[in-house]
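1. below: sequence and its predicted model.
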Amino acid sequence: MNLYYHIAKQFFFSLNDIGKITKKISIIGIGLGSFALIISISVLNGFEQKLDEKISNFDGHIRISGLEQKFDISEIELLEGIVSTSFSLDRKGIINHSSDKSVVIFKQVDYNKIKSFYKVPFAGNNPNENEILIGNDVAARLGIRVGDEVIISSPLDNGSFLGFPPAIKTKVSGIFYSKILDYDNKYIFISNNIGKKLFHNISNLKSLDVKVKNSLEIDSIKKRLVSLLGTGKTIESWRDRNSALVSAIEMEKIGSIFVLSLIILVASFSMSSTLSLITIKKIKDIGILRLLGMKLGDIRKIIIFQNLIIGLKGLFWGMVIGSGLVSFQNFFNIISLPSDIYAMETLPMILTSEDIGIVFFINALIIIIAGIFGGKKYLKHDPLELLKWVK
């Protein structure tokens, strides 16, 4: 193996000016492709983690439905990987302000956990048991400000024979702005005290929102919860409840990898041209090696090694620069985002060892294929005929 590498290295570094130009173009092409893949994957990972963080702060990582009213949650809280839990109840209703109405979703939670579990940024004051928090888009649509009084009602819990749904006049203590999907446009936080007055239907069992320590362990924790609680309980992660969004993110990642891999593919054509040039210029040397007993397969190994020298050099610099930029951004946050559009101030970038492995595999596959086909047509000639070629 060292012999093949040594010969390939000698052939590669003996190129003239024209060969050096094509060599540099090949290296730059591979490097750009690797750099683009690293940046694209890290940005998509960053946005996915931020989405995971924000949705879990609103709904938790896992939701358990179908628990009895007197269920003891201590067994769940003692499971390894679970950090906190909170009961909640989502129920459609109506909010009325100055004769303007809007259909919303009431999220009944324990206000004692509004800061520790539901870490949703809001403007205003901490709500008491008789006040509510509403989404920014709902407030803008109805012209509601902090301190305004509104009327909330739950038509689904109509308990009056006259057909009037239960309604409560309450005060808006704060306006939250989660910037998650359409949550700011439909959700309103209410306390357990208000929920008892609004929701008369006893079949409305609360759900248990669960937060885990590591979001990568959600699936394993779900399996443990299923074995603990048995059948009859619905256990869903935020990914299960937003499967369309998760599928779109995964498809976007796959599409980005595929499209950006085309840069490396195009660079591989340049590598093939460089290999053909090297093969032509070293055709007599190849003929001598053949006459000395080197087999055709051994010559192909030399060509593949030449391709690896080009490709791995470009791959190395592309990954080093890309990984360096990711680390630099995570440390200094130099790339900012418009806060009125995105739910974050700086560009999130996350790069894992798995991502580096994917980039390396894609590059190595294309480089090896290019090496197999590069200079192939010149190796079919007889060794004696190769010696007659003019450099």
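-> Sure, I can see it.
2. name the SS class of His6, please.
-> helix (DSSP: H, G, I helix; E, B strand; the rest coil).
3. my bad, should have said Lys119
-> coil.
4. quick one: contacts for it?
-> Each residue near Lys119 by CB atoms under 8 Å, 6 or more residues apart in numbering is listed here: Asn57. Backbone N, C-alpha and C define where each C-beta goes, glycine included.
5. where do the strands sit along this protein?
-> Using DSSP state E, the strands of the chain run over residues 62-65, 82-97, 100-109, 122-124, 131-135, 149-153, 167-176, 187-191, 207-212, 234-237.
6. now do the buried residues in the third one.
-> Of all the residues in strand 100-109, those buried under the rule 16 or more other CB atoms under 10 Å are 102, 104, 106-109.
7. and which of those residues is nearest Ile368?
-> Nearest to Ile368, judged by CB to CB, of these is Lys107 at 54.2 Å.
8. Ile304 and Ser270: what is the separation?
-> 16 Å (CB to CB, to the nearest Å).
9. my error: substitute Ser191 in the last question.
-> From Ser191 to Ser270 the distance is 66 Å (CB to CB).
10. care to break this structure down by domain?
-> 2-53+245-387, 67-232 (automatic domain parsing).
11. what's the closest of those domains to Asp59?
-> It's domain 67-232; of the domains of the chain, that one is closest to Asp59 (CB to CB) at 6.0 Å.
12. pLDDT of that closest one, averaged?
-> Domain 67-232 shows a mean pLDDT of 87.
13. ends of it, what's the gap?
-> Distance between the two ends of domain 67-232: 9 Å, counting by CA to CA, to the nearest Å.
14. now that domain, how far from the chain's geometric center?
-> Remark: domain 67-232 is offset 27 Å from the chain centroid, using CA atoms, centre = their mean, to the nearest Å.
15. so which elements touch the longest helix along the chain?
-> Longest helix in the chain, counting residues (DSSP state H): helix 17-59. Secondary-structure packing of helix 17-59 (3 or more CB pairs under 8 Å, 6 or more residues apart in numbering; DSSP states H and E): helix 238-241, helix 243-281, helix 296-332, helix 353-373.
16. what do you get if the cut-off is 6 Å, keeping everything else the same?
-> The contact analysis (3 or more CB pairs under 6 Å, 6 or more residues apart in numbering; DSSP states H and E) places helix 17-59 against helix 243-281, helix 296-332, helix 353-373.
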